[in-house]
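In: Everything below, folded, please.
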Amino acid sequence: MLALALAACGGVHGTPGSSGVRDPYFPKAGNGGYDVTHYALDLDYDPDDRHLSGTAEITARAGKDLSAFDLDLKGMDVERVSVEGKRARWSRNGQELVVRPHDDLDEGETFRITVRYSGTPQTITDPDGSEEGWLPTDAGALALGEPTGSMAWFPGNHHPSDKASYDVSVTVPEGLEVVSNGELAERSTREGRTTFHWRTAEPMASHVTALAIGDYDIARSTVTTTEDEDEDEGEGELPVYTAVTPSQSGPGRKALARLPEIMEWAEVNFGPYPFSSTGAIVSDTEDAGYALETQNRPVFPGAPSTELLVHELAHQWFGNSVTPKSWRDMWLNEGFATYAEWLWEEDNGGDSAQETFDALYDHGEDDLEELWDFPPAKPTSAAHISDSPVYERGAMVLHKIRRTVGDDTFYDIVQGWADEHRHGNADTADFTAYVEKMAPDEDFTTLWKDWLYGDGRPEHP
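Out: You can find the predicted model right below:
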């Protein structure tokens, strides 16, 4: 009778969502108990004092009855938090912003979180020593997020497994440009300050968000792409938006002139482009020490080589549209993008993929010992998820699959994989199961054991 009385009074109480999703390499990344569907960020940045103020409106769906939940936010001063319009209690614990809503949230309920915050965003040093997060530049800032840097400039559920759509509005002093993901929906200037509103309709993981503030030369154009909406074949015009810093104007524009050609080649190999626009951001060489496959328009530190442009554009299919479930599956991003470089060379008068494979295998015993430090699917720690075994040996796994099944089935696998998991998440087990489904007459046991999961240098005839 007591249980019935409690139920009649509606006394169902939730429990806190977990801090972190227990990623094998970044256990505090992301949060449990809810799924974000949309971020609406309204930001104001002053480059002179490097001060950012913002309001983040986050729409999410409760995955369980919730009495509290966490958001990832590194640094910044939180001024106010509300849930469904009611002021919420909150506390800070390292990178965790712990939110206790006024009312418990029911499983399946869609709710809206509003966080007002300000301060000087931090630059975050990764386990491998590279810098991400908020990178101040001479004219503004560059925000990069892989693997955890986006928590430096907006609160959220910062793990690849939780993708969402975005609206990002940024106000800066007049004369500066703001470039982000998706499409520029609106630009307006008032009283010496300009607001840029960028919209990303397709699901995006927070680690491939980007924000570039500064003096950029902007160019708009279109490329012809394959349309597959509702599986109707045809051609469409895809918007291209590129931003190049003045110091890189000449070489940057020359490098990006090959973007239409690469996009056409990539669609032939990987299937229809998964997003509604493309482009690139070319920053100064000192702004970041690496290129990054940010969604819609990758970021390059200076003018990219053709091979690097191929690599980062291939990530739009593999990494951005098909996103790993955890950071352990990083090779599904980097192995595919590296193999795209091999295929480009093969198709454009360079070494064949087999020649590239053989050169790596033959010289990897001495000159490239790090290639065999660990298998692609089992990096030894967070500091090594971007090491050579993830990239080059990941590409070698794909080439071994190609040699096993033949070109026709291999390209069916590549394009089918990109289509089946379009705008979703997948892991290594999903991939191996898909390969085996597509080539049921082949035995991949030794290939997976030796090349994907095995330690050391595999035997190769």
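In: Going by C-alpha atoms from here, please, whenever you check contacts or count neighbours.
Out: Noted.
In: Now for residue 401: which residues touch it?
Out: residue 410 (Cα atoms under 8 Å, 6 or more residues apart in numbering).
In: mind checking which helix or strand it is in?
Out: Here residue 401, judged by DSSP states H and E, is contained in helix 394-405.
In: what about that helix, average pLDDT?
Out: Averaged over helix 394-405, pLDDT sits at 98.
In: how far does that helix sit from the chain's center?
Out: Taking the mean of its C-alpha atoms, helix 394-405 sits 24 Å from the chain's own mean (Cα atoms, centre = their mean, to the nearest Å).
In: next one: stretch 400-408
Out: 28 Å.
In: Next, the buried residues of that stretch.
Out: Neighbour counts using 16 or more other Cα atoms under 10 Å place 400-402, 404-405 of stretch 400-408 among the buried residues.
In: returning to what we had before: what inclination does the helix or strand just after the helix holding residue 401 have with respect to helix 394-405?
Out: As assigned by DSSP H and E, the chain's next helix or strand after helix 394-405 is helix 407-420. Using axes from the mean of the first three to the mean of the last three Cα atoms, to 10 degrees, the direction of helix 407-420 lies 130 degrees away from that of helix 394-405.
In: Pull out the CA atoms of helix 407-420 and give them to me as PDB.
Out: In PDB, the C-alpha atoms belonging to helix 407-420 read as follows (Å, rounded to 0.1, in the frame of the first residue of the first chain):
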ATOM      1  CA  ASP A 407      38.500  -3.600 -55.800                       C
ATOM      2  CA  ASP A 408      34.800  -4.000 -56.600                       C
ATOM      3  CA  THR A 409      33.800  -5.300 -53.200                       C
ATOM      4  CA  PHE A 410      36.300  -3.000 -51.400                       C
ATOM      5  CA  TYR A 411      34.600   0.100 -52.800                       C
ATOM      6  CA  ASP A 412      31.200  -1.300 -52.000                       C
ATOM      7  CA  ILE A 413      32.400  -1.700 -48.400                       C
ATOM      8  CA  VAL A 414      33.800   1.900 -48.200                       C
ATOM      9  CA  GLN A 415      30.800   3.500 -49.700                       C
ATOM     10  CA  GLY A 416      28.300   1.300 -47.900                       C
ATOM     11  CA  TRP A 417      30.000   1.900 -44.600                       C
ATOM     12  CA  ALA A 418      29.800   5.700 -45.100                       C
ATOM     13  CA  ASP A 419      26.200   5.400 -46.100                       C
ATOM     14  CA  GLU A 420      25.000   3.000 -43.400                       C
END
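In: Which helix or which strand is home to residue 44?
Out: Here residue 44 sits within strand 34-46, counting by DSSP H and E.
In: Just put the buried residues of stretch 400-408 in JSON lines and tack on distance to residue 270.
Out: What follows is these, written out as JSON lines (distance: Cα to Cα, whole Å):
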{"residue": "400", "distance to residue 270": "18"}
{"residue": "401", "distance to residue 270": "16"}
{"residue": "402", "distance to residue 270": "14"}
{"residue": "404", "distance to residue 270": "19"}
{"residue": "405", "distance to residue 270": "17"}
